[in-house]
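*Asks:* Fold the following and give me the result.
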Amino acid sequence: MKKTKQVKKAFLIVLGFLFALNLSAQERTISGKVTSTDDPLGLPGVNIIIKGTTKGVSTDMDGAYTINVPNNNAVLVFKYIGFLTKEVTVGTNKTIDVVLSADVSNLDEVVVVGYGSQKKSDITGSVSSVKSEELTAFPVADATQALQGRAAGVVVQSNNGGEPGAPISIKIRGNTSINASSDPLIVVDGFVGASMPQANDIESMEVLKDASATAIYGSRGSNGVVLVTTKKGKKGRLSVEVNSTYAVQNTSNSIDLLNADEFADYQNQIRTNKGNTSPYVQGTADTDWQDLIYSAGSTQNHQFSFSGGSDNINFYASTNYFKQDGIILNSDYTKMSFLSNIDAQVTDKLKLGLNLSGSRGTKNGASTKSNGSVSAGGDDIITLAMRYAPDQPVYNDDGSYNYGNTVGDPVDNPYAIAKERIDETKTDNFLANFYANYEIIKDLSFKTTYGFSTKNSTNGIYLPSVLTQTAGGDNGRASVETDKETTILSENYLTYKKELGKGNLTLLAGYSYQKTVSENFYMEATGFISDAFSYYGLGAATTVLQPDASISTVEIQSQFGRINYDFDDKYLFTATVRRDGASNFAANEKYAIFPSAALGWKLSNEDFLKDSEKISELKLRGSYGVTGNPSIGAYESLARFETIYASSNGETVSAITPEQPENPNLKWESSYQTNFGVDLGLFNSRIKLSLDYYNIDTKDLILTDNSITEYLGYTGDDILANVGEINNKGFEISLTTRNISNDNFRWTTDFNWATNKNKVVNLVNDADLFYDATPSYFSHDRSYVLRVGEEVGLFWGYDYAGVFQGGTAPDGTATLSGGVAGDPLFRDVDDSGSITEADRTTIGNPNPDYTFGITNNFSYKNFDLSIFLQGSQGGDIFNLTNVQLFNGDANTTKEYYNNAWTATNTDTDMPRVGNNSNREISSRFVEDGSYVRLKNIALAYNLPSDVVEKFGMQNVRLAMSAQNLLTFTKYSGLDPEVSYYGSEGNNNTASNTAQGFDFGNYPTVKTVSVSLSVKF
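*Replies:* You can find the predicted model right below:
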């Protein structure tokens, strides 16, 4: 019996040993690396847990991990704050590398606000965030371009189509001014009024839209604020990144014009209709002038950056080279830039940082968008290529340029202008911004910043004597203009953060001082023996015209404060106040106070919703505040004199005359804004929706005071006063959906939609204000109007009523003087029986009904695809190009040539050729400007990590993309995104009110690009 027990005991020991041996054989070690879709360097601190147990490990600084698993059926759970949790079955794998995706539903995402940051879930104002990958989706010279269609209520447009280096216009929630700037305030890493950095250097961009968000910037917040945060170094090993893009570009459209034979027939028809019996003498050539001035363009963008850090210091540095060769001959833009950020934790309490950036841009411009202020021969290349007779050659027999345009005004050969005219602009920017942050006591910190920036620009223009119409009589003409702007900025503020029971309190109080000095020099000369030295040969000119120089200084000092309080993570309160004083305003109005307040309610955290399976977020927001607009020049409120030439004893002498009287009460424009918003998340925030309604009343508009009588003798035509009011109201929708998300395939959609309705509430004496956006040689002085009760910038002209068929005109219509069958009919507004100035009326509205953008992102294993559509609905365009081309003294379109009224073709809406309209401004040329554009489509491939690691790399990404590939529109011109200002020029008033005019714009380009990104 005893022996039997011993045998059983031995058997159990052996069995247990074998069982343990079997367990040991199944248990094995798994290793790998955890990275993210945005950072292949590795994520430190990721928690890896064996599902169903408490056993787990964390990744090291490089994202690496090692863990023992019991068997092949074990499931590893990867968790990291801000990223989607991922589960992986071990199987027979020995190495498991995991890529985590950012959790778009994460409510604890931190966004930058003025002078600080907040959790996105605690924001009470209207703020749109644009991700870094959206800004780099396609190559751009200015990151501002990448904002187009990305944020609701933000309208972005080039000031001149696809011109290399063209300025970019941003409008947030419409135009809130008439005579002052409507551009938003740009703040880069805390520096107010900085230049936009390169897209590849930007970490995030926030657009502050309502007064609750912008009032912290007080007198400069009425047009919205764009906050830019550049990239910083991260703790860990050194990271090196190279991004390179090359693109080819072509014009997206051209006008279908007549060839030489058709042109000769067209001119003969005109002569017949005008009673001219002598036939048109056709030239020997057949020249397509549009084809000559256009060429294939290209863009290349190369960036090199490196970054890293330790426990106490981190750094990021980059350099960038951008070059664009335009699609018009001799138009190009080159920009070289650098950026460096250093942050150092000197002690537990003291942190220091330094931001440095600089750039040099060189732009060679083509002559486009001429305002007609020079002689007719100096018009722009685009319209000249449409006007110039196609039966004329490029060169004469002796090799000189042909200037034998046979109809209309004598003009320069468009090809000669493209080849010979020099228009070069060199721009230098430098910014240095230092900060120190010190924790005085627990919860209380002090931050001081000191920044310096300088912008220098030189524009040189040279018109050689071979351009006979514009410079031949002068033996060459040259001008040089330099602008220099120097800014210093000092800001100091305290931040106090404290938990108070269930509440969290943040207090901010600070002082800011900014000084900007602007200098300008201009010189022009004529008469050059040689063209060899271009505008650098001013010293050799025979005639130096009157030079000009100016200097101005603007200082702003401010005190500001903000309170943020949230109670029980349900009830939110924000209050802001800023007091600004500015030197450019009048003695009695140097200072103003700009307050705002906002409330938020997180309903989803209430007991009746917090356990909801459908609603993951529901927040109501409401705000009201006042912001200002100080964007006028220095000394506008002072009594001023101007210099004139006078005669004394038969000699010309300098004299002065009163230009404007003093206005001691000139002050800021103030915008009073109300905003109501809803943020909604459904199904664990797979669907996120934000709705905003706003109303903005801008009062005390800075307008020209036309009530000052002429007999007082003031020569200034822009004497300013605070008179007038406009209103903007609108609705915005932002929608993000996570449609599909699994291990291999993801599909997300971002959609935004916005409408803005503006109205002129009152003006000086409530009288209509008329402006003109036509070239000066059109001989018109009114093409759009500001009228109380109407939207801004309505087109003004005759209301076209069809073609006169002869006999008696239909009731309520008439022709211009001397009209015969085939001439245009117009509505007889005053019922006088004839068409006069009194019959002009509003004939179109350039303001769009709504704008939108939609992006679909797809990801399958190592491939990702992005499709971005952007568009505008409603909003008329005044086609001034057709006004010129249908006039008879230029080439014309085939559509007009084939459809114009004749005695045998009376069923048409197009008047006869050679009619009596004389470039009339009428609704005949107003067209629907709606469009939908495939803004960008991009396909990318990320090489597998096991492949790139063999070459010592972290990530290699190849991509191909296309921009402006398709445009769906009914507009007959070159492009529906137009921005022509005419004889008014590109000043504040023109850019705010002259909307929807098209004449000689640089065409938008189609682009196909390839790019390579490598990270080491």
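*Asks:* quick one, helices of this protein?
*Replies:* 2-26, 132-135, 211-214, 260-273, 289-293, 381-387, 414-420, 880-885, 894-899, 945-948, 988-993 (DSSP state H).
*Asks:* could I get those as CSV with mean pLDDT, mean neighbour count and distance to residue 240?
*Replies:* Quick note: C-beta positions are derived from backbone N, CA and C, even for glycine. Below are the helices of the chain laid out as CSV (pLDDT from 0 to 100; neighbours: other Cβ atoms under 10 Å; distance: least, Cβ to Cβ, whole Å):
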stretch, mean pLDDT, mean neighbour count, distance to residue 240
helix 2-26, 47, 10, 42
helix 132-135, 83, 18, 18
helix 211-214, 92, 31, 37
helix 260-273, 95, 18, 59
helix 289-293, 94, 19, 43
helix 381-387, 90, 26, 44
helix 414-420, 93, 22, 42
helix 880-885, 94, 24, 50
helix 894-899, 96, 15, 56
helix 945-948, 78, 14, 13
helix 988-993, 85, 22, 42
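*Asks:* who's in contact with residue 826?
*Replies:* By Cβ atoms under 8 Å, 6 or more residues apart in numbering, the residues touching residue 826 are 798-801, 813-816, 835, 839, 922.
*Asks:* run the last query once more with 6 Å
*Replies:* Neighbour list for residue 826: 798, 801, 835 [criterion: Cβ atoms under 6 Å, 6 or more residues apart in numbering].
*Asks:* What of residue 226?
*Replies:* 184, 186, 207.
*Asks:* residue contacts, residue 187?
*Replies:* Listed by Cβ under 6 Å, 6+ apart, the contact set of residue 187 reads residue 227.
*Asks:* any idea how far it lies from residue 616?
*Replies:* 32 Å (Cβ to Cβ, to the nearest Å).
*Asks:* same deal with residue 636?
*Replies:* Distance from residue 636 to residue 616, counting by Cβ to Cβ: 52 Å.
*Asks:* Look at these two and report which has more neighbours.
*Replies:* residue 616 (20 against 17; other Cβ atoms under 10 Å).
*Asks:* confidence score at that one?
*Replies:* On pLDDT, residue 616 comes in at 89.
*Asks:* Quick check: closest non-adjacent residue to it.
*Replies:* residue 681 (4.3 Å; Cβ to Cβ, 6 or more residues apart in numbering).
*Asks:* my guess is the one you found meets residue 689, correct?
*Replies:* No - applying Cβ atoms under 6 Å, one finds residue 681 not in contact with residue 689, separated by 7.7 Å.
*Asks:* List the contacts of residue 636.
*Replies:* For residue 636, the contacting residues are residue 720, by Cβ under 6 Å, 6+ apart.
*Asks:* how about it, phi and psi?
*Replies:* Main-chain torsions, residue 636, degrees, to the nearest 10: phi -70, psi -20.
*Asks:* quick one: it and residue 177, what's the gap?
*Replies:* Distance from residue 636 to residue 177, by Cβ to Cβ: 14 Å.
*Asks:* do the same with residue 294
*Replies:* From residue 294 to residue 177 the distance is 37 Å (Cβ to Cβ).
*Asks:* again, but for residue 812
*Replies:* Per Cβ to Cβ, residue 812 is found 38 Å from residue 177.
*Asks:* and the closest residue to residue 700 other than its chain neighbours, what are its bridge partners?
*Replies:* What sits nearest to residue 700 in space, not counting adjacent residues and going by Cβ to Cβ, 6+ apart, is residue 722, at 4.0 Å. Beta bridges link residue 722 to residue 702 when assigned by DSSP bridges.
*Asks:* give me the number of residues near residue 722?
*Replies:* Neighbourhood size, residue 722 [other Cβ under 10 Å]: 19.
*Asks:* which stretches of the stretch 551-700 of the chain form strands?
*Replies:* Assigned by DSSP state E, counting those that start in this stretch, the strands in the stretch 551-700 of the chain fall at 571-582, 591-602, 615-629, 640-648, 651-660, 669-682, 687-699.
*Asks:* With distance to residue 546 added, can I get those in TSV?
*Replies:* TSV is the format used below for the strands of the stretch 551-700 of the chain (distance: least, Cβ to Cβ, whole Å):
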stretch	distance to residue 546
strand 571-582	32
strand 591-602	39
strand 615-629	34
strand 640-648	9
strand 651-660	10
strand 669-682	34
strand 687-699	39
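*Asks:* Select, out of the ones you listed, the one closest to residue 214.
*Replies:* Smallest distance to residue 214 across the strands of the stretch 551-700 of the chain (Cβ to Cβ): 5.4 Å, for strand 615-629.
*Asks:* Which strands or helices does that closest one pack on?
*Replies:* Strand 615-629 sits against helix 211-214, strand 591-602, strand 669-682, with contacts defined as 3 or more Cβ pairs under 6 Å, 6 or more residues apart in numbering; DSSP states H and E.
*Asks:* Comparing those, which stretch has the densest surroundings?
*Replies:* helix 211-214 (a mean of 31; mean count of other Cβ atoms under 10 Å).
*Asks:* what distance separates it from the middle of the whole chain?
*Replies:* Remark: helix 211-214 is offset 20 Å from the chain centroid, using Cα atoms, centre = their mean, to the nearest Å.
*Asks:* ditto for stretch 159-167
*Replies:* 11 Å.
*Asks:* for stretch 614-625, same thing?
*Replies:* Using Cα atoms, centre = their mean, the distance from the centre of stretch 614-625 to the centre of the chain it belongs to is 28 Å.
*Asks:* ok, and for that stretch, which residues are buried?
*Replies:* Using 16 or more other Cβ atoms under 10 Å as the test for burial, stretch 614-625 gives 615-625.
*Asks:* Extract the C-alpha trace of it and format it as CSV.
*Replies:* Taking Å, rounded to 0.1, in the frame of the first residue of the first chain, the C-alpha atoms of stretch 614-625 are listed here in CSV:
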residue,chain,number,x,y,z
LYS,A,614,-26.2,57.1,-29.3
ILE,A,615,-25.2,60.6,-28.1
SER,A,616,-21.5,60.8,-27.1
GLU,A,617,-21.3,64.6,-27.1
LEU,A,618,-23.8,67.4,-27.0
LYS,A,619,-22.8,70.9,-26.2
LEU,A,620,-24.6,74.2,-26.6
ARG,A,621,-22.6,77.4,-27.1
GLY,A,622,-23.6,81.1,-27.0
SER,A,623,-21.5,84.2,-27.2
TYR,A,624,-21.6,87.9,-27.6
GLY,A,625,-18.8,90.4,-27.9
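*Asks:* before we move on, the earlier item: which one of residue 294 and residue 177 is surrounded by more residues?
*Replies:* Each of residue 294 and residue 177 has its neighbours counted (other Cβ under 10 Å); residue 177 has more, 25 against 21.
*Asks:* hmm, back to that, export the helices and strands packed on strand 615-629 to a markdown table and tack on distance to residue 909?
*Replies:* Formatted as a markdown table, the helices and strands packed on strand 615-629 follow (distance: least, Cβ to Cβ, whole Å):
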| stretch | distance to residue 909 |
| --- | --- |
| helix 211-214 | 48 |
| strand 591-602 | 53 |
| strand 669-682 | 43 |
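*Asks:* Of those, which is nearest residue 288?
*Replies:* Among the helices and strands packed on strand 615-629, the nearest to residue 288 by Cβ to Cβ is strand 669-682 (49.3 Å).
*Asks:* ok, residue 413 to residue 1002 distance?
*Replies:* According to Cβ to Cβ, residue 413 stands 19 Å off from residue 1002.
*Asks:* who has more neighbours, these two?
*Replies:* The residue with more neighbours, out of residue 413 and residue 1002, is residue 413; 30 against 27, by other Cβ under 10 Å.
*Asks:* What's the separation between the more buried one and residue 388?
*Replies:* 7 Å.
*Asks:* Distance-wise, check residue 810 relative to residue 912.
*Replies:* Residue 810 is 18 Å from residue 912, by Cβ to Cβ.
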